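Engineer: Let's see this in three dimensions:
(chains A, B and C)
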Amino acid sequence: MIKIMMLSAAISLAATPLVAKEEAEVMHWWTSGGESAAIKVLADAYEAEGGSWKDSAVAGGSNARSAAINRMIGGSPTTAALFNTSQQYHEMIAEGMLNNLDSIAISNDWDEILPKPTLDAIKVNGHYYAAPVNIHMPTWFWYSKKAFNDSGIATEPQTIDELFAALDKLKASGYIPLALGGQKWQENLLFMAVLSNVGGKQLYLDVLKKRDAKTLNSPEFHKVVDTFLKLKPYVDSGSPGRNWNDTTSLVINDKAGIQVMGDWAKGEFTQAKKRPNRDYGCFAGLGDDSLYIVGGDVFVFPKTEDKQQILAQEKLVETMLKPLTQIRFNRLKGSIPVRTDIDVSSMGRCAQLGSRILRDESRQVPDGSMLMESYRYGSVKDAITEVWNSRDMSSKKAVKILSQALQG
Amino acid sequence: MNVIAIQMHFKRNLLAYIAALPMALTVFVAYMGTMFWSVRLSFSSSRMLPKNDFVGFVQYERLFNTSRWISSLENLLLIAFLFLVICFVLGFLLSIFIDQKIKAESFFRTVFLFPYAMSFIVTGLVWQWIFNPQLGVQKTVQALGWDSFQFDWIVNPDMVLYTVVIAAVWQGAGLVMALLLAGLRGIDEDLWKATKIDGIPAWRVYISIILPMLRPMIITTVVLLSISIIKMYDVVVAMTGGGPGVASEVPAKFIMDNLFERANIGIATAASTVMLTTILCLIAPFIYSNYIKKQGR
Amino acid sequence: MLSISPTNLKFASKRASSIQMQWGRIGIYGFLLVTALFFLLPLYVMLVTSFKELDEIRLSSIFALPQDVSWDYWKVAWSSACTGLECNGLQVGFWNSVQILIPSVIISVMFGAINGYALSFWKIKGANILFACLLLGAFIPYQVFIYPLIRVYAEIGIYGTLTGVVVSHVIFGMPIMTLLFRNYYSTLPIELFNAARIDGAGFFKVFFIIMLPMSTPIIIVAVIMQVTNIWNDFLIGLVFAGNDNLPMTVQLNNIVNTTTGERAYNVNMAATILTSLVPLIIYVASGRWFVRGIASGSVKG
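Structural biologist: Numbering: from 1, shown residues only, chains lettered A, B, ... in the order given. As a prediction, this is how the structure comes out:
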């Protein structure tokens, strides 16, 4: 028996040199040009530390996530898999399918350096189960400087009334006031922008997390829904089904005034050789205390007993969160570093603005996907799109539809 | 039948039984197995991963309280009717016309068939552009000077389904043409000679003689079209994403969204069980009369 | 052998109706041409878009011709578009796709033919119920099968292998293939079969000597369908193929599909057309058999 054990130990030792570099297979959906460049930063950082990165890219978030889950079910999990910072992977944690990262998280002080919403999404029952790599803020306001100038809008709107005034002026001077791509997720972003900017932090959290009848029947929530519906006349007729980037093009080409879209939209402006503050502007919300919705991406690490793989997983986490990697990666991804303790002065204007806001904990709120299960969030998106696209929708009826989805 | 006769039957047909074995295996392991498995899951509380508990009809109640599911079913009815009729009629006409000894037959055949080879991920987007009032046909016609021209079906909840049907027909009609053309080319030469002598007009020959003769091919075509209707997904995702609102949602998209993005296996399997039961009820009499009653032939 | 056509049919009364016939011909060509234009419209948009710069796409009409024709985006799509870390374009998965395509098409068409033949001519107890179940199964979305199949495949050790993909294609192709052949064979006269049986020919002999030669048109249709479905399949390849056998459509998807990333429409269009070329070649090549088709095998009566 001992002999056999020694033999197998010898074999595994002998086999080790072949995989001397910790090979890490990483499943993700970052396949478009900018995204590819961003993931390359992570891969290069990992390989610089002596690991070997095996790329498994599958476009489309839900495609890649189910591919990762399928691999686990089939008994050949990848080393790491990309998920959104959300509850998408919480069921896997409950089923014991993920390795925890406690030792790295504690030695690197994650409790201190990560924003609370992100921390809450990766920490379950006191254990850390995912490595966050960035913060995406999904509801930035992007606007065309030319459209603003032509319409006589001197300053960025600070209140919802000023926003409507600006939209009216844009309309009067012949611009599409609000550029919206009429796809479910984009309509959802617009709703979340209204909820956070009109409702404020407490209502935002109560609506999406507590979801109680009192909150949903409150005049404050009615006002949010009302405001959302009031935006509809400012959208052009070509909206339904339009991709987000084609919608951003409208702002880039000075055909439209404002678009509400995530920080990734910056890439489109850069690609069209537009300069921030000269050709286009960005603001995260209305007023100096507007909320910053915290979204983002994390890697999870499927359970494995393989020592080599565990080492690879740990090394991945370590390298992904190094300050320099964080800066380089996020500059390409359009997001901002997940760590609040690093210097971002080398990043773009909008990113710096975002990082500054993020440091104020009172302005952070979690993205909807962190506050409820995927299936519920899906129904909420269905409800939002139904409300937005119905011809005669009263705010009362809209509240009812939204409440049903939130509580269902 | 006595024992000996049964033994004789099996002995005589032994090879046939062996040949049918892969089919039997596929049916029992893959199809029946999966069907039972998914029906079973529809009574569980499964979300992202399958669970073995039993929650009764909860998922079904939830399903039929979902307005998106109800509109999906309604949309499917309209799409099914239009798609089936238009695709079949257009495909049949094309196959007849191509069968008229025309010039450039292979050009036409390839043109009509090629959409079948294209992935909808991108062609769906192209259709979206063509229908988009700010980009496509409407804008182009208006630019030509006809200012009042309106063609905004894709952004109109009442009309969007017709755009889906148009794109789906565009992809599916070629296959119908190919199937029926294969059938037409199999029809006996003598038949044409006979009708020629009798002086029956061509269109009557097609309606009263050819159509009944093509019955098996037509059944094949209708079954194929029905399968693609039930599974219709790509075209909707790529063209309209189910919108505006839920105006072009379809059941297969509901099932897929819940199976993956929404990690809600329970409701997805409930939905697929509902679809399966509906189909079973719809086609049971058909299958019975065609395949079971007429044993063998 | 004369080919069938109402043109021949009308030949008898040529003098009386030659004008009417000409109008008929014009009508036929008119209809075919208009339909062809409708069918080509999206392809036209894709083609012109594949030659335009992104700025041009943003600003010009979707129907406008490109300012200048360069094959740059086609080259990018084929050999340098990024699909994640690798930037080698579509070509990466091409041979994998071929490797999956050939055995899957051959085996699934063969099974379809044998099943159809067995169902049409042989008395197998319970066969029709079996067939009904098979047909019913064709209505379930593939996606529902994934989880149980992965479990079974992992159990018997073919998960993540070429075998696994081929087996999946055979399974998912079986209902339609069987239906196709079964219904085709049921149009053939049973006397043919009976005569062969009296001569003492067995199951496979009848199949290979008599049935198969008569099946050309339906085999062509079956091959067209399976080549298209298998070549364009994304899901089965992605789920069952394992990393080393990923088909070209996974690369296509990686190039064109994104939610929040940028979209290079010109490259996307080129990539889509490139991917569809293999089925397209099969369509063109199948033409000659479409024409002759039955001629060789029409031994009716």
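
Engineer: Burial check on residue B:229, number of neighbours?
Structural biologist: Each residue near residue B:229 was counted by other Cβ atoms under 10 Å in any protein chain shown, and the total is 21. In short, each C-beta sits where N, CA and C put it, glycine included.

Engineer: ditto for residue A:345
Structural biologist: Using other Cβ under 10 Å: residue A:345 sits among 7 other residues.

Engineer: do stretch B:148-164 and chain A meet?
Structural biologist: Yes - counting by Cβ under 8 Å from any Cβ of the partner chain, chain A is contacted by stretch B:148-164 at B:152, B:154, B:155, B:157, B:160.

Engineer: which among those gets closest to residue B:230?
Structural biologist: residue B:160 (19.8 Å; Cβ to Cβ).

Engineer: That closest one contacts residue B:244, correct?
Structural biologist: Yes - the pair residue B:160 / residue B:244 is scored as a contact, 6.5 Å apart, by Cβ atoms under 8 Å.

Engineer: now the residue of the stretch 51-200 of chain B found nearest chain A, nearest residue through space, not along the chain?
Structural biologist: Proximity to chain A, evaluated over the stretch 51-200 of chain B using Cβ to the nearest Cβ, is greatest for residue B:134 at 3.2 Å. Excluding the flanking residues, the one nearest residue B:134 by Cβ to Cβ, 6 or more residues apart in numbering or on different chains is residue A:238, at 3.2 Å.

Engineer: Check residue B:64 too.
Structural biologist: Per Cβ to Cβ, 6+ apart, closest to residue B:64 is residue B:70, 7.2 Å.

Engineer: Please look at the one you found and residue B:77 and confirm they touch.
Structural biologist: No - between residue B:70 and residue B:77 there is no contact under Cβ under 8 Å: 11.3 Å.

Engineer: ok, these two, which is more surrounded?
Structural biologist: Taking other Cβ under 10 Å, residue B:70 and residue B:77 do not tie; residue B:70 has more neighbours (14 against 9).

Engineer: Would you mind measuring from the residue of the stretch 51-200 of chain B closest to chain A to chain C?
Structural biologist: For residue B:134, the distance to chain C equals 10 Å [Cβ to the nearest Cβ, to the nearest Å].

Engineer: do residue A:88 as well
Structural biologist: Relative to chain C, and taking Cβ to the nearest Cβ, residue A:88 is found at 14 Å.

Engineer: so what's that residue up against?
Structural biologist: Going by Cβ atoms under 8 Å, 6 or more residues apart in numbering or on different chains, residue A:88 touches A:65, A:369, A:374, B:263.

Engineer: How many residues are close by the residue lying closest to the third one once chain neighbours are set aside?
Structural biologist: Looking back up the chat, that one is residue A:374. Nearest residue to residue A:374 in three dimensions, chain neighbours excluded: residue B:263, at 4.6 Å (Cβ to Cβ, 6+ apart). Here the count is done by other Cβ under 10 Å, and residue B:263 has 26 residues near it.

Engineer: what does residue C:95 give?
Structural biologist: 12.

Engineer: repeat for residue B:226
Structural biologist: 18.

Engineer: In what element of secondary structure is it found?
Structural biologist: Taking DSSP states H and E as the criterion, residue B:226 maps to helix B:215-230.

Engineer: could you say what helices and strands that helix packs with?
Structural biologist: helix B:67-98, helix B:160-184, helix C:162-185 (3 or more Cβ pairs under 8 Å, 6 or more residues apart in numbering or on different chains; DSSP states H and E).

Engineer: Check which element follows the longest one along the chain.
Structural biologist: Read it as helix B:67-98. Reading on from helix B:67-98 to the C-terminus, the next helix or strand found by DSSP H and E is helix B:105-113.

Engineer: what's that next one in contact with?
Structural biologist: B:94, B:98, B:102, B:173-175, B:177-178, B:181, C:32, C:35-36, C:39-40, C:224, C:280, C:283-284, C:287, C:290-291.

Engineer: Measure how that helix sits relative to helix B:67-98, angle-wise.
Structural biologist: Going by axes from the mean of the first three to the mean of the last three Cα atoms, to 10 degrees, helix B:105-113 is angled at 170 degrees with respect to helix B:67-98.

Engineer: circling back to that earlier point, and whichever helix or strand comes after the helix holding residue B:226 with chain C, contact?
Structural biologist: Moving toward the C-terminus from helix B:215-230, the next helix or strand (DSSP H and E) is helix B:234-239. No - using Cβ under 8 Å from any Cβ, helix B:234-239 stays clear of chain C, with a minimum separation of 9.6 Å.

Engineer: Against which helices or strands is helix B:234-239 packed?
Structural biologist: helix B:120-131, helix B:160-184.

Engineer: How far does the following helix or strand past it sit from its chain's centre?
Structural biologist: Next helix or strand after helix B:234-239 toward the C-terminus (DSSP H and E): helix B:251-259. In terms of Cα atoms, centre = their mean, to the nearest Å, the centre of helix B:251-259 is set 17 Å apart from its chain centre.

Engineer: Now the helix or strand that helix B:251-259 is followed by: buried residues?
Structural biologist: Using DSSP H and E, the helix or strand that follows helix B:251-259 in sequence is helix B:265-287. For helix B:265-287, the neighbour count (16 or more other Cβ atoms under 10 Å in any protein chain shown) marks B:265-276, B:279, B:283, B:287 as buried.

Engineer: Check which helices and strands helix B:265-287 is in contact with.
Structural biologist: If you count contacts as 3+ Cβ pairs under 8 Å, 6+ apart, helix B:265-287 packs onto helix B:33-41, helix B:58-64, helix B:251-259, helix C:127-137, helix C:142-156.

Engineer: what's the closest of the ones you listed to residue B:47?
Structural biologist: Of those, nearest to residue B:47 by Cβ to Cβ is helix B:251-259, at 9.8 Å.

Engineer: avg pLDDT for that closest one?
Structural biologist: In this model, helix B:251-259 has an average pLDDT of 93.

Engineer: what is the orientation angle of it with helix B:67-98?
Structural biologist: Using the same axes, to 10 degrees: helix B:251-259 against helix B:67-98 is 130 degrees.

Engineer: Filter the contacts of helix B:105-113 down to the buried ones.
Structural biologist: B:94, B:98, B:102, B:173-175, B:177-178, B:181, C:32, C:35-36, C:39, C:224, C:280, C:283, C:287, C:290.

Engineer: Which entries in the residues you listed are shared with the contacts of chain A?
Structural biologist: Applying Cβ under 8 Å from any Cβ to these, none is adjacent to chain A.
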